[in-house]
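**Q** All I have is the shape, not the residue letters:
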Ligand SMILES: Cc1cc2nc3c(=O)[nH]c(=O)nc-3n(C[C@H](O)[C@H](O)[C@H](O)COP(=O)(O)O)c2cc1C
């Protein structure tokens, strides 16, 4: 059977009105979750072209770096008309800088601003930002209030369930954020202490959903398939879902979700050859922004995900990562194309790849 005719079935969810972030109506209820080093302009464009993705976001952007005109930071917020609707996620703990950054972004033309309150990495939390903000409720809510009041675009917050098992604070935070005008909260159903270990705690997300009156709560964590999304909706009552690693492993997931929601059926993810085309296209987009040899280096992280998803032999993945020039890059891809996947066929359905996570104690990430 050809891949085009394959259809999966799964009972569709009840119909609901579109997702609203304040006055902004989102095109679907499936958002891209920020992933440092991955959710850049090129990746957002690729996923948008495949269909189904709602709000696209940058990964965490240092508010101070943005205001100091840091070149690397500014390049993180690059966008284009096709990259819409578009949100920038900022982090920082100084109210003045955070408000200035929000105003700068509003003038720049973003559709929404997200505040990072979930990052567990020491480099971020040691300055009181990221998930450390979940340890000081009063200061944090004040900071968020000031940001909301300094702009007219929707301001959202992305957080974890809390610092650790003993401090599950996301329901209280969500209610307080709603009262100061936050347009939506996104909740990764793990604590900071958990890092990426264990399973996502759907009960914790549900408690956060129940704590707010009107604003949407976006559920996040471990959604890699339609049954995962269905379970997230049913067990948490969340209004939308954000997907991070699942989108790296399968950039078609948003299209599949939207098809499922409309019809109770959905098509398969792309084949080995589709993924290879996508890889080339994403690299070409990158070459529009950076000289080829720089683009090759910048693409290595993303290339790793593509090749894992394509089930390319380990040795060939290694060779691809060694490429330094356009010729070497093309030569490595030509060999990969010739060989095909280790499991499956070039034009058939590929088995799901293993999804790696940052590992080790969270303090050392
Ligand atoms: C490599 C990596 C980078 C991440 N970077 C960010 C980030 O910049 N900002 C943020 O709020 N969350 C970040 N996260 C967390 C994700 O947005 C998401 O909450 C988490 O991966 C769980 O969702 P998932 O299972 O769909 O990936 C990152 C996660 C990973 C694995």
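**A** Thanks, I have the structure now. Because the structure is predicted, anything quoted here is derived from the model rather than measured. Numbers count the residues shown, from 1 in each chain.
**Q** all contacts plus neighbour counts: C-alpha atoms, from now on.
**A** Fine.
**Q** Show me what from the stretch 201-350 of the chain comes close to the ligand.
**A** Residues of the stretch 201-350 of the chain lying close to the ligand (CA under 6 Å from any ligand atom) are 220, 221, 222, 223, 243, 244, 245, 246.
**Q** at 5 Å instead, please
**A** For the stretch 201-350 of the chain, the contact set with the ligand under CA under 5 Å from any ligand atom comprises 221, 222, 243, 244, 245.
**Q** from these, which single one is nearest residue 271?
**A** Here the nearest of those to residue 271, counting by CA to CA, is residue 245; it sits at 18.4 Å.
**Q** So, low pLDDT: which residues of this protein?
**A** 1, 356-365 (pLDDT under 70).
**Q** For the residues of the stretch 201-350 of the chain next to the ligand, pick the one with the most neighbours.
**A** Among these, residue 221 has the most neighbours (other CA atoms under 10 Å), with 26 neighbours.
**Q** so what's the nearest residue to it once chain neighbours are set aside up against?
**A** Using CA to CA, 6 or more residues apart in numbering and skipping residues adjacent in sequence, the residue nearest residue 221 is residue 188, 5.4 Å away. Applying CA atoms under 8 Å, 6 or more residues apart in numbering, we find residue 188 in contact with 118, 158, 159, 160, 161, 200, 205, 219, 220, 221.
**Q** Phi first, then psi, for residue 188.
**A** Dihedral pair for residue 188: phi -90, psi 120, per degrees, to the nearest 10.
**Q** now it, which residues is it bridged with?
**A** Here residue 188 sits in beta bridges with residue 160, residue 220, going by DSSP bridges.
**Q** picking up where we left off before, could you work out the most separated pair of the contacts of residue 188?
**A** Once CA to CA is applied, those give 158 and 200 as the farthest pair, at 15.3 Å.
**Q** Mind checking which of these two has more residues around it?
**A** residue 158 (24 against 20).
**Q** so what's that one up against?
**A** Contacts of residue 158 (CA under 8 Å, 6+ apart): 114, 115, 116, 117, 118, 185, 186, 187, 188.
**Q** how far away is residue 304 from residue 279?
**A** Distance, residue 304 to residue 279, using CA to CA, to the nearest Å: 10 Å.
**Q** Those two - which one has more neighbours?
**A** Neighbours per residue, other CA under 10 Å: of residue 304 and residue 279, the larger number sits with residue 279, 20 against 16.
**Q** Please identify the buried residues of the helix or strand hosting the more buried one?
**A** Using DSSP states H and E, the element containing residue 279 is helix 272-289. Using 16 or more other CA atoms under 10 Å as the test for burial, helix 272-289 gives 272, 273, 275, 276, 278, 279, 281, 282, 283, 285, 286, 287.
**Q** For residue 236, state which of those is nearest.
**A** Closest to residue 236, out of all of the buried residues of helix 272-289 and judged by CA to CA, is residue 275, at 32.7 Å.
**Q** Report the separation between the closest one and the ligand.
**A** 20 Å (CA to the nearest ligand atom, to the nearest Å).
**Q** hang on, that residue packs against residue 310?
**A** Yes: in this structure residue 275 lies within contact range of residue 310 using CA atoms under 8 Å: 6.8 Å.
**Q** Would you map the strands across the stretch 1-150 of the chain?
**A** All strands of the stretch 1-150 of the chain, identified by DSSP state E, counting those that start in this stretch, fall at 8-9, 20-21, 24-25, 30-32, 56-62, 86-91, 112-117.
**Q** and residue 44, which of those strands is closest to it?
**A** strand 56-62 (6.4 Å).
**Q** what about that closest one, distance to the chain center?
**A** In terms of CA atoms, centre = their mean, to the nearest Å, the centre of strand 56-62 is found 9 Å from the chain centre.
**Q** Going by contacts, tell me the helices and strands next to it.
**A** strand 30-32, helix 41-50, helix 71-76, strand 86-91 (3 or more CA pairs under 8 Å, 6 or more residues apart in numbering; DSSP states H and E).
**Q** Fine by me, thanks again.
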